[in-house]
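Engineer: fold the stuff below for me.
(one chain, ligands or ions: 3)
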Amino acid sequence: MTVIVEEPVFEVQENSKNISFDTNELVLDAGFVMPEPKLLVSDNGFSTPETNAFGKTFRDYDAESERKNAVEEFYKQNHIHQTVDFVKRMREDYKKLDKVEMSIWECCELLNTVVDESDPDLDEPQIEHLLQTAEAIRKDYPNEDWLHLTALIHDLGKVLVHPSFGELPQWAVVGDTFPVGCAYDESIVHHKYFKENPDHYNPAYNTKSGIYSQGCGLENVLVSWGHDDYMYLVAKENGTTLPPAALFVIRFHSFYALHKSGAYMHLLNDEDKENLKWLHVFNKYDLYSKSKVRVDVEKVKPYYLSLINKYFPSKLRW
Ligand SMILES: O[C@H]1[C@H](O)[C@@H](O)[C@H](O)[C@@H](O)[C@H]1O
Ligand SMILES: [Fe+2]
Ligand SMILES: [Fe+2]
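Structural biologist: Ligands and ions are numbered 1, 2, ... in the order given. Model (predicted):
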């Protein structure tokens, strides 16, 4: 599907500081010119902070903090209730997109009241996180406007907690995601609570590949239901012109067992492996831009409105 013009030169350097990126280009047969992420070391890039706004290291689910117990209780509920049946039901219902009609920006504004109970690193309203991520990535990738918009919208699916979107409980909306229908990898946060999930005892679902086959492609894998898959469906069904890598990033950005721990690689196909490179880039900004520093919404709004206009219809079905 993709034609590689130059050898990929991307590599992930987890612990590096002050890294920025340059790009080579990939040409898609669909006509979109897809850049290839390339890692360069420079002094101008986004530097990843050592600690979060609470003085702890990022994604430390065991550190004593004011958020620890609530986050653990969130994952307990999430791990007990995300089953194959539940995911299938949610996908069926939400792919109808019959709940609401609104623009992307209206949806961003709706997130100004939503605080994510699964997140040990942030207790700010979600609109802050969207803008912080987008502005951080924009500095390092000034020419990749599709990536700026991807960052702006990646968490919009969290509106599922809103009454007009079905008012789903947080365990069905936020938090890390993982495949259902096969064994839960040990690297998943608070893994022990899967013992209370009925699928854990189903022999069809509890082997390494479960109901899937080697290399089947993530497209064919059911992933726990939440804001990622929902926003992917919304973007795709409303005919976005964002490139495939953007849809992949939106759909799998919470799948930390894959993009951080390298689990479930046996389910990926070649296209997934290409797209994963952009997800690694994206994750750095998604995670480490979380802070108490606010973005001036009115100042940046015209820029993001122009991107929304470029890649989306003015009103979307949600
Ligand atoms: O708590 C967070 C939050 O819900 C994010 O939106 C999600 O993408 C992350 O995977 C998760 O760790
Ligand atoms: Fe997210
Ligand atoms: Fe995010």
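Engineer: element containing the nearest residue to Trp278 once chain neighbours are set aside?
Structural biologist: Once flanking residues are discounted, Trp278 sits nearest to Ala245: 4.4 Å by CB to CB, 6 or more residues apart in numbering. Any C-beta I mention is one placed from the backbone N, CA and C, and that applies to glycine too. If you go by DSSP states H and E, Ala245 is part of helix 244-252.
Engineer: Asp62 should be in a strand, yeah?
Structural biologist: No - looking at Asp62 with DSSP: H, G, I helix; E, B strand; the rest coil, it is coil, so not inside a strand.
Engineer: near ligand 1, which residues of this protein?
Structural biologist: 116, 118-119, 155, 174-176, 253-254, 256 (CB under 6 Å from any ligand atom).
Engineer: quick one, helices of the stretch 201-318 of the chain?
Structural biologist: 227-237, 244-252, 256-259, 270-288, 297-311 (DSSP state H, counting those that start in this stretch).
Engineer: show me the contact partners of the longest one.
Structural biologist: Looking back up the chat, that one is helix 270-288. Residues outside helix 270-288 that contact it (CB atoms under 8 Å, 6 or more residues apart in numbering) are 1-2, 8, 10, 12, 21, 26, 36-37, 46, 48-49, 58-59, 121, 133, 136-137, 140, 147, 150-151, 154, 217-219, 244-245, 248-249, 252-253, 258-260, 268.
Engineer: residues touching the residue in the chain positioned nearest to ligand 2, list them.
Structural biologist: Going by CB to the ion, ligand 2 is nearest to Asp155 of the chain, at 4.3 Å. Going by CB under 8 Å, 6+ apart, Asp155 touches 111, 126, 129-130, 227, 231.
Engineer: columns neighbour count on top of the residues you listed, output as CSV?
Structural biologist: Listed next are the contacts of Asp155 as CSV, based on neighbours: other CB atoms under 10 Å:
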residue, neighbour count
Leu111, 22
Gln126, 24
His129, 26
Leu130, 22
His227, 27
Met231, 24
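Engineer: identify the farthest-apart pair in those residues.
Structural biologist: Spatially, the most separated pair among those is His129 and Met231, at 13.9 Å (CB to CB).
Engineer: related to what we said a few turns ago, what subset of the contacts of helix 270-288 is buried?
Structural biologist: Neighbour counting by 16 or more other CB atoms under 10 Å classes 2, 10, 21, 26, 36-37, 46, 48, 121, 133, 136-137, 140, 147, 150-151, 154, 218, 244-245, 248-249, 252-253, 258-259, 268 among the contacts of helix 270-288 as buried.
Engineer: what's the separation between the residue of the chain closest to ligand 2 and Ala204?
Structural biologist: Plainly put, Asp155 is 33 Å away from Ala204 if you go by CB to CB, to the nearest Å.
Engineer: what does Thr133 give?
Structural biologist: From Thr133 to Ala204 the distance is 38 Å (CB to CB).
Engineer: same deal with Leu160?
Structural biologist: According to CB to CB, Leu160 and Ala204 sit 28 Å apart.
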